[in-house]
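Participant: Pasted the sequence and its predicted model underneath.
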Amino acid sequence: MSDTAEMVEAFEARARRREGRRDFFRAFVGAAAVAGGAAMIAQSGDAQAQAAPTDPDILNFALNLEYLEAQFYYFAAFGEGLPASILTGTGTQGEATGGRRVAFSEPAIAAYAREIAADERAHVEFLRTALGSAAVAQPAIDVGTGPDSAFSTAARAAGLVGPGESFDAYASDENFLLGAFIFEDVGVTAYKGASPLITNKTFLEAAAGILAVEAYHAAIVRTSLYAKGFDMPSLIQATEAISDARDSLDGPTDLDQGVAPIGDRSNIFPGDDDGIAFSRSPGQVLNIVYLNRMMVDRGGFFPAGMNGTLRTSAAN
């Protein structure tokens, strides 16, 4: 922990603003926030924003995200969650609820799910080892399918399901890919955004390695949805709707992208004009996983909030 390193040179994403398509989503999320109540507003948000996060803070933030992704993929691929032995730590431990196995129809998609599940479990175990006794426990995680679940709330915000309807991320190969699409791009931008904050060279190299793996995962999910979209155009439209919903949560700048082609080329990599992936701050990442553009400390996929010091979303 005493080994200091140069800050990673941060290239700020210079993405062009695409067409403004945010009013519907902001209205939806704003109404949800009012309905959810102001009790979730974090009292320590200002203090947290002023304090520079330490390397353990950042790694624990990443560990929370890896718990979420690993649980989703483990349920989808194997029909069970992560072993209890890798869920303990500081903070309040919670359960991952609502997941189940996907009856995959395409062997390739099933194989992708198994590989990604194994990778995400390995990330959890690696980060827990790196953090040692400072590792946070898995918080409560919602990967369910009911009408009030995080997946359904996200899908409803994107217009994929109607009021009171459910989105089942385990119902089909296509639904599984859309569920994965909600997470994967966010994970890439989270690691990209956190990289300049890490001061220890060993941790920075490890984070860069995890970012690369997450980018591979995001690419196969995006590629699969794009390829399927030739026969099912609604899938490509769904990625654009999810992208818009994410963009409505994390601030006024339009950076997120679905997989709709740009001119005569595909859009597997969502980046700027220099071919560089954009970044999200921890607060912006929490806006998305909490499904709330306001400053809150819980909600969405983390109904009781994350464990650790970085647990308050940004005020957008």
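Facilitator: That came through fine.

Participant: When you work out contacts or count neighbours from here on, use the C-alpha atoms and nothing else.
Facilitator: OK.

Participant: how close does residue 163 sit to residue 156?
Facilitator: According to C-alpha to C-alpha, to the nearest Å, residue 163 stands 7 Å off from residue 156.

Participant: Apologies, that question was intended for residue 313.
Facilitator: Residue 313 sits at a distance of 21 Å from residue 156 (criterion: C-alpha to C-alpha).

Participant: Which one's more surrounded, those two?
Facilitator: residue 313 (29 against 23; other C-alpha atoms under 10 Å).

Participant: Identify the residue nearest that one in space, chain neighbours excluded?
Facilitator: residue 283 (4.1 Å; C-alpha to C-alpha, 6 or more residues apart in numbering).

Participant: how many neighbours does that neighbour have?
Facilitator: 24.

Participant: Can you check my assumption that it lies in a strand?
Facilitator: No - the assignment for residue 283 is helix, going by DSSP: H, G, I helix; E, B strand; the rest coil, so no strand is present there.

Participant: Just the helices from this protein, written as ranges.
Facilitator: With DSSP state H as the criterion, the chain has helices at 23-36, 45-50, 55-78, 107-131, 150-157, 173-194, 201-228, 233-249, 282-289.

Participant: Mind putting those helices into a markdown table with distance to residue 274?
Facilitator: Putting these into a markdown table (distance: least, C-alpha to C-alpha, whole Å) gives the following:
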| stretch | distance to residue 274 |
| --- | --- |
| helix 23-36 | 29 |
| helix 45-50 | 30 |
| helix 55-78 | 26 |
| helix 107-131 | 28 |
| helix 150-157 | 30 |
| helix 173-194 | 15 |
| helix 201-228 | 17 |
| helix 233-249 | 20 |
| helix 282-289 | 22 |
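
Participant: Out of the ones you listed, point me to the one whose mean pLDDT is lowest.
Facilitator: Comparing mean pLDDT across the helices of the chain, the weakest is helix 23-36, with a mean of 38.

Participant: Grab the nearest non-local neighbour of residue 147.
Facilitator: residue 166 is the one closest to residue 147 (C-alpha to C-alpha, 6+ apart), at 4.3 Å.

Participant: and that neighbour, how many neighbours?
Facilitator: 21.

Participant: and what of residue 206?
Facilitator: So residue 206, with other C-alpha under 10 Å, has 15 neighbours.

Participant: Distance check, it against residue 269.
Facilitator: Residue 206 is 22 Å from residue 269, by C-alpha to C-alpha.

Participant: Against residue 218, how distant is residue 116?
Facilitator: 10 Å.

Participant: What sits closest to residue 89 if chain neighbours are left out?
Facilitator: residue 137 is the one closest to residue 89 (C-alpha to C-alpha, 6+ apart), at 3.9 Å.

Participant: Give the full set of residues in contact with the one you found.
Facilitator: 87-94, 307 (C-alpha atoms under 8 Å, 6 or more residues apart in numbering).

Participant: let's see it at 6 Å
Facilitator: 87-91, 93 (C-alpha atoms under 6 Å, 6 or more residues apart in numbering).

Participant: again, but for residue 170
Facilitator: Residues counted as contacts of residue 170 (C-alpha under 6 Å, 6+ apart) are 102, 176.

Participant: do the same with residue 281
Facilitator: Neighbours of residue 281 in contact, by C-alpha under 6 Å, 6+ apart: residue 193.
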